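Engineer: pasting the sequence and the predicted model now:
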Amino acid sequence: MEYTAHNLEYAVSVFYNGEQEDRAQAHAWLTVAQRVPEAWNFVWELLQPNKGTEIQFYAATTLHTKILRCWNEVPPESYAELKEKLLQSVIAYSKGPKIVTNRLCISLAAFILQQGSADVAEILRPLSTVENTSLLLEVLTVIPEEYNSMTMGTAMRSKNRAALNQASSMVLADMLRYLGTVYNDYSTASPSEETVHAWTCAANCVASWITLGGEDAVDSATTLPERAPLCCALLTVVRVLCRWNEAMSDTALEACEACLSAVRAAGTAGYASRHQGAAAALIADLAALGEPLLEANNQPNSLNEELLTAVITCCVAVGECHARTLVQAVDQPGEHTQGALRMLQLLLKAQRAPGHYPVHETRSNLLFSLWYTLQDEILNMASSTQRINTEWENYFAQLLLTLVKKSEMPAESALSKDDQELLRCYRQDIADIVMYCFSVLGESSWSYVENAYNAAESDLQRESALHVFLALADAAPPDRTVPALAELLMHALDLAADPSNLDTRVLHTALDCLGAYASWLSSVQSPQSALLGQKCMRAAGMALPRCPAPAALALRKLCVDCYVPAAELVADIVHVAQSASSTTDAWTRRQLMSAAGAALAACEPADSGPLLAGLAQRLLRDLSAQVRSGGKCGAAECVALLSALRNRPAMAYTLFRTLLPALRLMPDKPDLVQPMFEILKNTLSALMGETVLIVNDLEKLITAGFDTAPCPAGLDVIKFVSLFTGRVWAGAPSVLRAGVVASARAVTPADSAPAGAAPRPPACPAPDLAEELFALLSALTKKQPVIIDWIEDLLPDLVNLACNCVRLWEAGAAGAACGWLGALAHRRPLALQASAPALTHTVLRCIGGATPRNQMDPLAELLLALNRAQWEDGAGGLAAWLRDSLAHADFPTQHATDAHKQKFITAVLREKSSKRRLLESVQEFSLVCRGLIGTEYARQAIASRQMIA
């Protein structure tokens with residue numbers, strides 16, 4: 001279909017109004033139309049005023065696309081004509097539609113940037129009239145935004161940046177002039193809608209130009225003192241609008257948000273933190289603005305919640321940027337101290353927003369990042385003075401009590417699923433902030449939390465105190481008792497043990513506290529701590545019927561850490577684990593089994609033997625039932641128990657012998673092979689040096705399992721057996737051979753042509769298994785090279801398989817293949833020599849674009865290994881293989897010139913020690929081959945590598 005105006009209008013109509021399939025086809029055709037040379041002509045026809053809005057918008061979007069992507073199609077002598085047409089179109093659409101006007105303004109901005117931003121003032125002169133003020137402001141606003149997002153070469157970006165920096169001061173001065181009307185007398189009448197709109201546009205323009213280069217740009221054309229008059233005018237706009245709008249209208253709110261956003265940019269851009277005097281003045285001005293606003297609107301479900309959010313966001317951003325100024329103002333009293341103290345009180349009040357988050361307010365979460373920055377600065381300052389100012393202890397004590405209050409959960413009926421997730425994240429953030437408070441307050445933190453618990457009037461308030469207590473668990477001092485900590489732990493214990501307490505939320509937190517402080521209990525070696533640990537275990541056991549999963553987790557943690565009381569209660573703990581019904585969820589059963597294993601491991605053999613026998617018989621029945629009927633109980637519980645017995649090989653051996661009849665039935669079920677190998681892996685981890693006791697049974701189980709369904713866990717077992725029994729057990733080679741052969745057969749890609757022959761990547765049927773297979777071969781090659789002799793005859797096929805897998809798109813499998821081939825090049829280069837030329841060709845193809853860019857790391861490591869390898873004389877080595885492969889025209893791609901190839905070869909052959917330097921060369925050559933060199937992506941990628949280096 002021809003690219004005529006009529007056809008384009010029809011396609012746009014189909015795109016907006018047609019059926020789904022027709023819309024997709026129309027979208028594809030319209031996208032292609034944006035790139036054809038005829039688009040420079042039909043856009044003007046489609047921009048006629050009599051066309052529909054959708055058609056006009058498509059034309060404006062096409063114009064923007066052409067300027068961005070097809071600028072080379074415009075001859076220099078046509079620049080003036082294109083500029084005039086752009087200006088005429090912008091002016092013609094000054095009254096809307098808004099989306100068309102905006103897109104045309106962006107197109108004009110792109111035109112300016114394509115010319116290096118030269119003569120910006122001259123180009124925009126036709127928009128300097130009063131009636132076109134809004135258009136001028138919009139174009140000025142989008143120029144920095146387009147610069148930040150537009151892809152351009154490094155030289156063009158530098159040219160634009162220099163020109164825009166030069167223009168920045170003039171633009172900001174003009175914006176200050178537009179904002180100057182805020183100082184008019186508005187005591188008797190509110191500002192007009194037109195005036196408020198002008199303020200909004202000017203504020204947006206200010207924010208755009210100050211953030212030129214992105215919000216994280218470190219350089220700026222103006223300094224914070226130079227921006228102070230702008231900040232003053234912007235804050236005055238907010239005061240004027242708040243005076244006349246008790247409940248903010250949409251227009252006034254938009255203006256306030258724009259002004260506060262501009263103040264945030266002005267207060268933090270560039271090296272603003274270097275100007276402490278101007279920063280302190282801005283902090284005082286913000287505090288003076290925020291105090292009355294928060295006083296008037298600080299209630300649940302405030303009508304001006306969005307305004308408060310904008311004010312707090314601005315205060316937090318400025319506070320984070322100027323944290324050192326805030327801390328110094330408090331630590332070294334002076335002229336700026338009062339403003340800093342007012343700001344801190346404002347921030348604390350904002351953190352104490354009344355009501356529950358996120359039901360009644362959505363602003364208290366905005367301050368979390370500030371507290372981290374402040375405490376970090378406080379500790380840095382204190383490191384030089386060896387003490388923390390008591391003012392900060394007072395502020396962070398208030399903050400800690402505030403966090404206890406804000407942790408309180410609302411009634412569950414008031415929360416939707418989305419709100420529940422927001423609250424979960426919010427409480428996790430509070431837990432992080434609690435540790436910042438501990439950094440300042442130290443062990444007195446537990447005293448403040450205990451006071452809050454004792455003052456609580458409801459279970460949910462007590463739960464919130466326990467939530468903060470839980471957050472302090474990692475800070476508990478080892479080897480000694482803190483009275484307030486012990487008291488809080490007793491409170492949690494009482495709540496968990498109370499049979500009348502049926503509130504699962506309170507129970508959950510109380511039980512989490514018992515588990516979290518288990519390691520602290522074990523570190524305090526005293527009769528009192530042992531008794532307290534025993535009480536905690538009993539409380540967790542009593543809570544199992546009411547809150548199974550948290551109680552089981554707490555019991556496991558207590559049994560693992562507090563082995564003395566666990567040994568005393570072993571019979572009860574084993575009984576609980578043995579009595580867990582099949583209706584209990586699998587995760588809970590595993591926790592209980594781990595708890596029983598930890599308790600058994602803490603006992604003397606005479607006490608644990610009968611208990612283990614009963615538990616093993618129960619597991620045998622469950623495992624046999626799982627084999628017969630496919631039930632869910634059995635294998636996972638066996639793994640949990642064996643994992644807990646890791647330091648007791650005799651008990652693990654007894655358990656394995658008991659389970660053996662059921663294990664022998666598992667290899668016949670493909671879906672049970674993986675669970676069987678998990679059991680074997682944990683058995684071997686527990687037996688360690690005693691593995692020889694079960695090798696005959698292992699051989700039968702491993703061979704049968706791989707005959708049925710090779711899996712990654714099975715290869716883990718083979719690796720363990722090979723490394724620990726290879727020198728003493730004659731059956732180890734046959735086990736290794738069986739596993740490797742079966743796995744190699746299962747992972748052989750559908751495209752098994754020789755490496756380098758196929759242009760497309762092969763499809764691996766089991767990438768996880770392939771990754772584990774090559775990880776096994778790599779571990780054996782590096783740690784016990786003699787073991788590779790067991791499969792000497794398989795090496796050619798395995799090498800060929802690995803060469804094919806290098807081309808996989810699955811990063812794990814491809815990386816593992818590269819890792820093994822590199823290890824083979826180091827340990828046994830002769831085994832790899834015949835395939836090395838084809839492997840080099842494959843590596844170059846992958847670097848050139850046959851695999852994703854995120855796989856360059858293992859490829860670079862493989863090249864380094866090939867370069868270091870000691871090849872036989874006459875083989876040529878990596879130098880010859882690189883030159884032979886790269887001698888072909890258009891290889892790896894047509895983008896790589898002879899100069900690029902020679903530079904790459906030189907860099908690879910020169911580097912035999914530093915993987916980092918070789919990786920840089922590989923990544924650069926990959927960008928060349930993919931046609932990305934010189935693009936914005938390449939510039940950013942190279943810059944990030946240089947920064948890391």
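Structural biologist: Here it is on my side, so go on. Fair warning: this is a prediction, and the values are worked out from it, not measured in the lab.
Engineer: SS state for residue 931?
Structural biologist: With DSSP: H, G, I helix; E, B strand; the rest coil as the basis, the three-state label of residue 931 is coil.
Engineer: so what's the closest residue to it other than its chain neighbours up against?
Structural biologist: Using Cβ to Cβ, 6 or more residues apart in numbering and skipping residues adjacent in sequence, the residue nearest residue 931 is residue 895, 4.5 Å away. (Each C-beta comes from the backbone N, C-alpha and C, glycine too.) The contact partners of residue 895, by Cβ atoms under 8 Å, 6 or more residues apart in numbering, come to 928, 929, 930, 931, 933.
Engineer: kindly state the domain boundaries assigned to this structure.
Structural biologist: 5-151, 714-748+765-832, 835-948 (the TED database).
Engineer: I'd say residue 259 and residue 242 touch.
Structural biologist: No. Residue 259 lies out of contact with residue 242 (Cβ atoms under 8 Å); the separation is 11.0 Å.
Engineer: neighbour-wise, which of these two wins?
Structural biologist: Ranked by neighbour count (other Cβ atoms under 10 Å), residue 259 and residue 242 place residue 259 first, with 31 against 20.
Engineer: any buried residues in stretch 861-880, and which?
Structural biologist: Within stretch 861-880, the residues that qualify as buried are 861, 862, 863, 864, 865, 866, 867, 869, 871, 875, 877, 878, counting by 16 or more other Cβ atoms under 10 Å.
Engineer: next one: residue 428 from residue 365, what distance?
Structural biologist: Separation of residue 428 from residue 365 (Cβ to Cβ, to the nearest Å) stands at 11 Å.
Engineer: between the two, which has more neighbouring residues?
Structural biologist: Each of residue 428 and residue 365 has its neighbours counted (other Cβ under 10 Å); residue 365 has more, 19 against 10.
Engineer: spatially nearest residue to the more buried one, not counting backbone neighbours?
Structural biologist: Going by Cβ to Cβ, 6+ apart, residue 365 has residue 426 as its nearest residue, at 5.6 Å.
Engineer: okay, stretch 220-240 in PDB with CA atoms only?
Structural biologist: What follows is stretch 220-240, C-alpha atoms only, in PDB (Å, rounded to 0.1, in the frame of the first residue of the first chain):
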ATOM      1  CA  SER A 220      25.500  22.500  36.900                       C
ATOM      2  CA  ALA A 221      25.700  25.900  35.000                       C
ATOM      3  CA  THR A 222      24.500  27.700  38.200                       C
ATOM      4  CA  THR A 223      25.400  27.500  41.900                       C
ATOM      5  CA  LEU A 224      23.000  27.200  44.800                       C
ATOM      6  CA  PRO A 225      23.500  30.900  45.900                       C
ATOM      7  CA  GLU A 226      22.700  32.000  42.300                       C
ATOM      8  CA  ARG A 227      19.500  29.900  42.400                       C
ATOM      9  CA  ALA A 228      18.400  31.300  45.800                       C
ATOM     10  CA  PRO A 229      16.200  34.100  44.400                       C
ATOM     11  CA  LEU A 230      14.400  31.500  42.300                       C
ATOM     12  CA  CYS A 231      13.900  29.300  45.300                       C
ATOM     13  CA  CYS A 232      12.500  32.200  47.200                       C
ATOM     14  CA  ALA A 233      10.000  33.100  44.400                       C
ATOM     15  CA  LEU A 234       8.900  29.500  44.000                       C
ATOM     16  CA  LEU A 235       8.200  29.100  47.800                       C
ATOM     17  CA  THR A 236       6.300  32.400  47.700                       C
ATOM     18  CA  VAL A 237       4.100  30.900  45.000                       C
ATOM     19  CA  VAL A 238       3.200  28.000  47.300                       C
ATOM     20  CA  ARG A 239       2.500  30.400  50.200                       C
ATOM     21  CA  VAL A 240       0.200  32.600  48.100                       C
END
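Engineer: coming back round to it: of all the contacts of residue 895, which comes closest to residue 361?
Structural biologist: Of all the contacts of residue 895, residue 930 has the smallest distance to residue 361: 49.5 Å, by Cβ to Cβ.
Engineer: what sits closest to residue 289 if chain neighbours are left out?
Structural biologist: Residue 289 sits nearest to residue 235 (Cβ to Cβ, 6+ apart), 5.4 Å away.
Engineer: let me know the secondary structure of that neighbour.
Structural biologist: Quick answer, by three-state DSSP: residue 235 is helix.
Engineer: quick check, it in contact with residue 284.
Structural biologist: No. The criterion here is Cβ under 8 Å, and residue 235 misses it with residue 284 at 11.0 Å.
Engineer: I'd like the average pLDDT over the helix or strand residue 450 falls within.
Structural biologist: Residue 450 belongs to helix 444-455 when assigned by DSSP states H and E. The average pLDDT within helix 444-455 is 97.
Engineer: need the pLDDT of the closest residue to residue 501 other than its chain neighbours.
Structural biologist: Nearest residue to residue 501 in three dimensions, chain neighbours excluded: residue 495, at 5.7 Å (Cβ to Cβ, 6+ apart). The per-residue pLDDT reported for residue 495 equals 95.
Engineer: okay, strands next: where are they in the stretch 401-550 of the chain?
Structural biologist: Using DSSP state E, counting those that start in this stretch, the stretch 401-550 of the chain contains no strands.
Engineer: in helices, which of the buried residues of stretch 861-880 appear?
Structural biologist: 861, 862, 863, 864, 865, 866, 867, 877, 878 (DSSP state H).
Engineer: now for these: which two are most distant?
Structural biologist: It's 861 and 877 that sit farthest apart of those, by Cβ to Cβ, at 17.8 Å.
Engineer: which residues sit in contact with the nearest residue to residue 131 once chain neighbours are set aside?
Structural biologist: Excluding the flanking residues, the one nearest residue 131 by Cβ to Cβ, 6+ apart is residue 94, at 7.9 Å. Shown in contact with residue 94 (Cβ under 8 Å, 6+ apart): 101, 131, 132, 134, 135.
Engineer: please, which helix or strand holds the fourth one?
Structural biologist: With elements taken from DSSP H and E, the one containing residue 134 is helix 133-149.
Engineer: just the C-alphas of that helix, formatted as PDB.
Structural biologist: In PDB, the C-alpha atoms belonging to helix 133-149 read as follows (Å, rounded to 0.1, in the frame of the first residue of the first chain):
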ATOM      1  CA  THR A 133       4.500  33.000  26.000                       C
ATOM      2  CA  SER A 134       3.000  29.600  26.900                       C
ATOM      3  CA  LEU A 135       4.500  28.000  23.700                       C
ATOM      4  CA  LEU A 136       7.900  29.500  24.500                       C
ATOM      5  CA  LEU A 137       7.800  28.100  28.000                       C
ATOM      6  CA  GLU A 138       6.800  24.700  26.800                       C
ATOM      7  CA  VAL A 139       9.500  24.500  24.100                       C
ATOM      8  CA  LEU A 140      12.100  25.700  26.700                       C
ATOM      9  CA  THR A 141      10.900  23.100  29.100                       C
ATOM     10  CA  VAL A 142      11.200  20.200  26.700                       C
ATOM     11  CA  ILE A 143      14.700  21.100  25.300                       C
ATOM     12  CA  PRO A 144      16.600  19.700  28.400                       C
ATOM     13  CA  GLU A 145      14.200  16.800  28.700                       C
ATOM     14  CA  GLU A 146      14.800  15.900  25.100                       C
ATOM     15  CA  TYR A 147      18.600  16.300  25.600                       C
ATOM     16  CA  ASN A 148      18.400  13.900  28.600                       C
ATOM     17  CA  SER A 149      16.600  11.200  26.600                       C
END
